[in-house]
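> here is my input, please return the structure:
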Amino acid sequence: MRVGLFVPCYVDQLYPDVALATLEVLESVGCEVVYPEAQTCCGQPMANTGCFSDAVPLARRFVATFSGFEYVVAPSGSCVAMVRSHYAELLHDDPSYKSLAPRVLDLSEFLVDVIGVEKLPVRPFAYRVGLHQSCHGLRELRIGRSSERMLENFNKTRRVLERMTGIEFTELSRPDECCGFGGTFAVAEEAISCAMGNDRVADHEQAQSQVLTAGDMSCLMHLEGLIRRQKKPIAVLHVAQILAGRTPVSGGV
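From the prediction side, this is the model:
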């Protein structure tokens with residue numbers, strides 16, 4: 001299976017190991033992975049700020065860059081949600097976009113829905129893990145059941161992590177609450193954003209999480225910043241890093 005690796009701009013600049021770990025995981029399940037060097041930002045920061053016209057050229061470039069792949073996989077639920085849920089507002093009836101959108105997937109949903117979790121390598125990870133469920137992943141991609149929906153409980157990110165031996169999931173008091181990042185919201189409403197993030201960190205502390213993980217590195221970037229500044233004894237790892245066998249470091253990656 002030929003897969004296009006979509007690496008969001010902030011992952012490329014700040015967390016390159018998350019991209020490398022995603023590559024390793026995809027190759028471990030037999031995918032031929034291609035990183036198109038023509039890729040740029042998906043346009044989410046512009047759209048979040050209301051600059052929709054500025055996001056249109058980036059959306060068109062994304063579609064042109066990735067249309068030839070059977071699937072496109074990214075370690076960022078929010079960027080995937082931007083393509084799948086919001087490009088229609090920018091590109092309207094563009095047939096190339098309509099064909100591509102269903103094939104752009106978050107790493108966890110690709111591993112569960114396309115590959116099958118039984119094909120993932122089994123690795124040891126004997127830590128108490130707190131799973132942060134991002135808003136985009138829950139409410140746009142439907143990677144897991146959000147608490148307001150009366151459905152059978154499921155979580156694709158947890159399913160892939162359950163392949164790790166020795167892993168123990170901690171129980172959070174508010175398991176699907178927003179971390180407060182929200183892209184440019186964290187800049188425009190810094191105090192509220194930090195208060196929300198500190199609430200999430202406190203929930204992981206009371207649950208005694210040793211490792212905080214998620215499928216969206218933007219949420220983890222926000223939470224990791226709060227953890228590091230306050231010297232909290234919680235390590236932060238993206239799901240891809242755990243699956244690729246990375247070792248957690250207390251206080252951040």
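> how close does the spatially most central residue of the chain get to residue 231?
Within the chain, one residue has its C-alpha closest to the average C-alpha position: by C-alpha atoms, centre = their mean, that is residue 216, at 2.2 Å. Taking C-beta to C-beta, to the nearest Å as the measure, residue 216 and residue 231 are separated by 24 Å. For glycine as for every other residue, the C-beta is placed from the backbone atoms N, C-alpha and C.
> ditto for residue 222
Between residue 222 and residue 231 the computed distance is 17 Å (C-beta to C-beta).
> likewise for residue 14?
Note on residue 14: its distance to residue 231, by C-beta to C-beta, is 20 Å.
> and residue 25, that's in a helix?
Yes - if the criterion is DSSP: H, G, I helix; E, B strand; the rest coil, then residue 25 is within a helix.
> surely it and residue 245 touch.
No - checked against C-beta atoms under 8 Å, the pair residue 25 and residue 245 is beyond contact range at 9.6 Å.
> between residue 222 and residue 231, tell me which one has more neighbours.
Taking other C-beta atoms under 10 Å, residue 222 and residue 231 do not tie; residue 222 has more neighbours (24 against 9).
> so the more buried one is in which element?
Per DSSP states H and E: residue 222 is located in helix 217-229.
> next: residue 59.
Going by DSSP H and E, residue 59 is in helix 52-66.
> so residue 75 touches residue 10, yeah?
No - using C-beta under 8 Å, residue 75 is not in contact with residue 10; the gap is 10.9 Å.
> list residues touching both of those two?
The contact sets of residue 75 and residue 10 overlap at residue 217 (C-beta atoms under 8 Å, 6 or more residues apart in numbering).
> between the two, who's got more neighbours?
A side-by-side neighbour count of residue 75 and residue 10, using other C-beta under 10 Å, places residue 75 first with 29 against 18.
> how near is the more buried one to residue 240?
5 Å.
> shared neighbours, those two?
Residues touching both residue 75 and residue 240 (C-beta under 8 Å, 6+ apart) are 18, 21, 22, 107.
> same for the helix or strand hosting the second one, what does it pack against?
Element membership of residue 21 [criterion: DSSP H and E] is helix 16-28. Here helix 16-28 touches strand 2-5, helix 9-14, strand 32-34, strand 71-74, helix 107-110, helix 239-243, going by 3 or more C-beta pairs under 8 Å, 6 or more residues apart in numbering; DSSP states H and E.
> assign residue 175 to helix, strand or coil.
The assignment at residue 175 comes out as coil when based on three-state DSSP.
> next up, the contacts around the closest residue in space to it that isn't next to it in sequence.
Excluding its sequence neighbours, the residue lying closest to residue 175 (C-beta to C-beta, 6 or more residues apart in numbering) is residue 133, at 6.4 Å. With contacts taken as C-beta under 8 Å, 6+ apart, residue 133 has the following neighbours: 143, 144, 146, 155, 157, 175, 176, 214.
> so the third one sits right up against residue 138, yeah?
Yes - A contact is recorded between residue 146 and residue 138 when judged using C-beta under 8 Å, the distance being 4.4 Å.
> tell me, what's touching these two both at once?
The contact sets of residue 146 and residue 138 overlap at residue 176 (C-beta under 8 Å, 6+ apart).
> look at those two and report which has more neighbours.
In this comparison of residue 146 against residue 138, neighbours counted by other C-beta under 10 Å, the higher total goes to residue 138 at 22 against 15.
> pretty sure that one is in contact with residue 144, am I right?
Yes - under the criterion of C-beta under 8 Å, residue 138 lies in contact with residue 144, with a separation of 5.5 Å.
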